[in-house]
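Chemist: Any chance you can model this:
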Amino acid sequence: MRVAIIGQQDFGKATLEAFLRRGDTVAAVFCAPEKGRPDPLRLAGEAAGVPTHQFPKLSDPAAQEALRAANADIGIMAYVTQFVPQDFCNIPTFGTIQFHPSLLPLHRGASSMSWSIIVGRTETGFSIFRPTDGLDEGPVIKTYTVPIEPEDTLGSLYFGKIFPMGVAGLQEVADMVVRGTAPAIAQYEPDAGYEGIIREAESQVHWASHVDLTYNLIRGCNPAPGAWTTLNGKKLFLFECRKRIARTFSEVKGKKIGQVVAIDGNGVSIHGQGGFIEVQRVRWEDGKKIAAAEAGLEVGAMLGG
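Modeler: Numbering: from 1, shown residues only. Here you go, the predicted structure:
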């Protein structure tokens, strides 16, 4: 089949390469203009000799003309941050499909994987659906479920599970669409949920929260944007960690919420409501990730003040 890839970054690149590997024709690539480092999808598209476009807006008539010129059977939206209007999606012969890393209608929005960890879910997955002008609101073709293990972080959930399955899932669903065997199941709106992007306010650790909540927050923000606390007004980002529930009053007697209570070769232990967060890796706001025990913290230090 002839496909047009609309996306960016490593997921878009992997999707491009997967379709090329199995002998499909990638007729065009559309990715967002770069604001920093080169986009891996753009580089891969150009290296493969595929017409590669970076329109600031896909509503631009020139963008739509470029997609028409590709004569694609199907459009594949693989990690898209630009708004993609319906008129653009409808140009390929069989329309367009989109990947979203949640079990829609749960967790619509750009930080869906983070929120699934933060709220304590034990499973999530991804959906492939027909995009509409509503954000992640179109009819679903197929969903794929993966477990969220107690130790999973955003990084392990995405790169270890959802990323490779998602690329394969897009190929499977593209075949279904072109064969005419793809369902289109309206999302059940009473179960729908939308959350915004995880930014500074959402990623701040509040030590008075139960350690279950703090542990989930740190995992859901690892590796990015990083859950953070402060010491003497300076931000400290927390990454790999474990939690330990307090079983008796004697374990927490005399300890303050947010206090560093132990430092050893395993990391730094911080008292939170209901137990302790044992952090192995951290990063000061102006530095690189280091072992928590090497961060210069001292027993008795109060975090978050």
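
Chemist: thought G305 was touching G258?
Modeler: Yes: G305 is within contact range of G258, at 7.0 Å (criterion: C-beta atoms under 8 Å). C-beta coordinates here come from the backbone N, C-alpha and C atoms, glycine included.

Chemist: the more surrounded of those two?
Modeler: G258 (21 against 11; other C-beta atoms under 10 Å).

Chemist: In this protein, where's the longest helix?
Modeler: In the chain, taking DSSP state H as the definition, the longest helix is helix 163-179.

Chemist: Secondary structure class of the residue positioned nearest the centre of the chain, three-state.
Modeler: Most central in the chain under C-alpha atoms, centre = their mean is M113, positioned 4.9 Å from the mean C-alpha point. Here M113 is recorded as helix under DSSP: H, G, I helix; E, B strand; the rest coil.

Chemist: now it: how far from D175?
Modeler: M113 sits 26 Å away from D175, going by C-beta to C-beta, to the nearest Å.

Chemist: how about the closest residue to V84 other than its chain neighbours, what does it touch?
Modeler: Nearest non-adjacent residue to V84, counting by C-beta to C-beta, 6 or more residues apart in numbering: L58, 5.3 Å away. L58 sits next to 6, 30, 64, 82-85, 88 when contact means C-beta atoms under 8 Å, 6 or more residues apart in numbering.

Chemist: Which strand or helix spans L58?
Modeler: If you go by DSSP states H and E, L58 is not part of any helix or strand.

Chemist: could you measure it against D212, distance?
Modeler: From L58 across to D212, the span is 42 Å (C-beta to C-beta).

Chemist: go on, P150?
Modeler: In terms of C-beta to C-beta, P150 sits 11 Å off from D212.

Chemist: Looking at those two, which is more packed in?
Modeler: D212 (15 against 11).

Chemist: which SS class is that one?
Modeler: Secondary structure state of D212, per three-state DSSP, is helix.

Chemist: Might one say that it is in contact with G120?
Modeler: Yes: counting by C-beta under 8 Å, D212 sits close enough to G120 to count as a contact (7.1 Å).

Chemist: The stretch 151-300 of the chain: strands as residue ranges?
Modeler: 227-231, 234-238, 241-245, 260-264, 267-272, 275-279, 281-284, 290-291 (DSSP state E, counting those that start in this stretch).

Chemist: export these to TSV and tack on mean pLDDT and mean neighbour count?
Modeler: Shown next, in TSV, are those (pLDDT from 0 to 100; neighbours: other C-beta atoms under 10 Å):
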stretch	mean pLDDT	mean neighbour count
strand 227-231	98	21
strand 234-238	97	20
strand 241-245	97	18
strand 260-264	97	15
strand 267-272	98	25
strand 275-279	98	23
strand 281-284	98	20
strand 290-291	97	14
